[in-house]
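Chemist: Fold the following and give me the result.
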Amino acid sequence: MNTQSASKRFVITLFVSSVLMIGLSASAADKKTASGQGQIDRSKPSRTEVITPIRNETFNRNGTTRQRKQGGNPRQVAGYLAFDGSMDGNRQVDPQIAVGGGYVLHGTNSGIIIYDKQGNFVQGVRQSGFNGGIDPKMFYDPHNGIFGFDLWNPWDKEKKKPVNISVSETSDPKGAWNTYPVPAPDGRDGGGIGYSKKWIGYTFPGGREQTFILKTAEAKAGKPATVYHFLGNLGQAAATQDDIEDLYFFKIARSNFVITRVTDSGDGTPKIVQVASKPHGLKYIGWPPQSPQKGTSQKTASGDRNPKNLVLQNGHLWFSQAVNCNGRSAVQWHQLKLDGSIVQTGLISSPTSSYIQTTIAVNKKNDVLVGFQETSPEMFISPRLAFRLADDPLGELRPIVNLGEGQGATDGVAWGDYSGSVVDGDNFLDLWTIQSITDKGGKGDTIIVKVPFKP
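Modeler: Here you go, the predicted model:
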């Protein structure tokens with residue numbers, strides 16, 4: 001493994017355009033040409049709607065929802081607690097986890113499962129129990145003591161293609177849940193979810209309105225919730241581990257890091273505020289190439305240069321990404337100030353292996369875990385992690401931890417499409433990751449691993 005560090009400072013740029021104010025480009029369609037009032041104010045919601053939730057009295061609807069039983073089998077791997085997640089052999093598993101309330105909530109394209117934190121299966125249901133859908137993203141909000149996740153459903157009979165935002169009423173995921181089906185008829189899969197003490201935010205590709213916001217209090221209470229839609233896409237919303245109400249978003253726009261936040265406008269409604277748009281100056285920022293694997297000429301998807309998760313911890317933003325490093329996919333991770341300047345950057349690269357499908361987790365001490373997978377012409381896709389302590393040299397991770405070896409080659413490009421890494425919402429210390437591994441048929445199984453950290 002080759003780790004490189006970078007600590008860069010940039011001059012804060014001035015913003016003179018209202019378009020840059022939210023990091024988006026305006027189009028002619030966004031002009032109020034009929035009234036002559038000029039350009040739409042994109043800092044305000046473009047529209048609102050009230051969504052009445054679908055309530056589940058319990059996670060499995062008192063046992064009436066079709067059960068999904070997968071995973072478990074707790075054991076030690078490389079000295080860490082590990083257990084299986086989904087094992088049903090899908091190349092696009094879309095694995096996610098959220099940890100809190102004494103439980104691990106696990107989601108894939110095939111269902112939602114609860115384990116205890118020792119790795120034992122508790123309950124599991126199919127997606128139909130939460131109004132259906134795919135592409136789950138999950139979180140545990142420690143400020144409000146709730147779990148949340150989204151499912152995008154492109155197959156609904158009404159053709160509204162709702163993004164189903166499901167929120168538990170308590171920190172016990174076995175209890176009551178409320179699902180808010182937010183219509184997104186022009187949307188596509190690939191969305192991202194985030195939370196703060198006050199807001200839940202979601203962004204997705206497709207259509208003119210690609211960002212919407214809900215109030216967490218309304219969703220937790222199971223009340224009809226006002227959904228605030230905004231024009232354009234703000235990027236990935238943060239998992240806001242700091243005790244603040246504002247919700248931050250981040251995206252990479254050409255050569256700049258763009259940071260925005262959603263805050264209360266003063267009357268209880270959300271508004272968008274520009275935070276920064278700053279040149280990053282990174283050497284490696286290009287999209288990762290597809291990656292080779294053992295025993296076949298078929299290459300596999302490597303992930304995305306855009307972050308699949310974003311963490312706000314101790315006043316800094318943290319993310320990892322897959323990038324093109326000398327013609328191979330590598331994993332790069334960052335710590336940023338809120339003005340967009342880089343505190344530290346690290347690179348996991350190799351002249352022989354590709355590192356793919358990465359996510360990051362950070363605890364209250366600024367200890368870091370980076371989860372990812374490794375593949376090469378001599379290796380099937382295999383799960384990995386690396387971590388660092390807060391006082392380690394900037395930009396450096398400790399040696400890669402081997403979580404298992406893949407058993408077969410995939411039969412198509414699509415893989416993942418991502419992984420999941422999170423902090424333990426009960427102690428803000430331990431870090432968890434879920435990574436995919438190929439089985440003998442080249443399909444995707446998953447492994448969940450806990451890395452404990454000292455207070």
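
Chemist: can you give me the helices in the chain?
Modeler: 216-221 (DSSP state H).

Chemist: So, low pLDDT: which residues of it?
Modeler: 1-38, 89 (pLDDT under 70).

Chemist: For it, which residue occupies the most central location?
Modeler: Residue closest to the mean C-alpha point of the chain, counted by Cα atoms, centre = their mean, is residue 309 at 3.3 Å.

Chemist: any idea how far that residue lies from residue 113?
Modeler: Plainly put, residue 309 is 20 Å away from residue 113 if you go by Cβ to Cβ, to the nearest Å. C-beta coordinates here come from the backbone N, C-alpha and C atoms, glycine included.

Chemist: quick revisit: ok, and the closest non-adjacent residue to the residue nearest to the centre of the chain?
Modeler: In space, and not counting its chain neighbours, residue 309 is closest to residue 359: 4.9 Å by Cβ to Cβ, 6 or more residues apart in numbering.

Chemist: unless I'm mixing things up, that neighbour is touching residue 431, no?
Modeler: No. Counting by Cβ atoms under 8 Å, residue 359 stays clear of residue 431, with 10.9 Å between them.

Chemist: Pull up the overlap in contacts between the two.
Modeler: residue 421 (Cβ atoms under 8 Å, 6 or more residues apart in numbering).

Chemist: Can you get me the start-to-end distance on stretch 265-273?
Modeler: In stretch 265-273, first residue to last residue: 10 Å (Cα to Cα, to the nearest Å).

Chemist: residues of it that come out buried?
Modeler: Neighbour counts over stretch 265-273 (16 or more other Cβ atoms under 10 Å) mark 270-272 as buried.

Chemist: next one: stretch 61-69
Modeler: Neighbour-count burial for stretch 61-69 [16+ other Cβ under 10 Å]: 65, 68.

Chemist: Show residues contacting that stretch.
Modeler: By Cβ under 8 Å, 6+ apart, stretch 61-69 touches 60, 110-113, 121, 123-126, 128-129.

Chemist: Kindly recompute the last result at 10 Å.
Modeler: 55-60, 86, 88, 108, 110-113, 121, 123-130, 177 (Cβ atoms under 10 Å, 6 or more residues apart in numbering).

Chemist: What is the distance between it and the centre of its chain?
Modeler: 26 Å (Cα atoms, centre = their mean, to the nearest Å).

Chemist: Just the CA trace of that stretch, in PDB.
Modeler: Provided in PDB are the C-alpha atoms of stretch 61-69 (Å, rounded to 0.1, in the frame of the first residue of the first chain):
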ATOM      1  CA  ARG A  61     -46.100  -5.300  10.900                       C
ATOM      2  CA  ASN A  62     -46.700  -7.600  13.800                       C
ATOM      3  CA  GLY A  63     -45.300 -10.500  11.800                       C
ATOM      4  CA  THR A  64     -47.500 -10.000   8.700                       C
ATOM      5  CA  THR A  65     -44.700  -8.800   6.400                       C
ATOM      6  CA  ARG A  66     -42.800 -11.400   4.400                       C
ATOM      7  CA  GLN A  67     -39.700 -12.400   6.400                       C
ATOM      8  CA  ARG A  68     -36.200 -12.000   5.100                       C
ATOM      9  CA  LYS A  69     -33.600 -14.000   7.100                       C
END
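
Chemist: quick revisit: any idea how far residue 191 is from the residue nearest to the centre of the chain?
Modeler: Shown here: residue 309 relative to residue 191, a distance of 12 Å by Cβ to Cβ.

Chemist: what do the two both touch?
Modeler: Common neighbours of residue 309 and residue 191 (Cβ under 10 Å, 6+ apart) are 137, 236-237.

Chemist: Quick one: the strands in the stretch 51-200 of the chain, in order.
Modeler: Secondary structure of the stretch 51-200 of the chain (DSSP state E, counting those that start in this stretch): strands located at 54-56, 72-77, 80-84, 96-100, 103-108, 111-116, 121-125, 134-141, 146-152, 163-168, 177-182, 192-195, 199-203.
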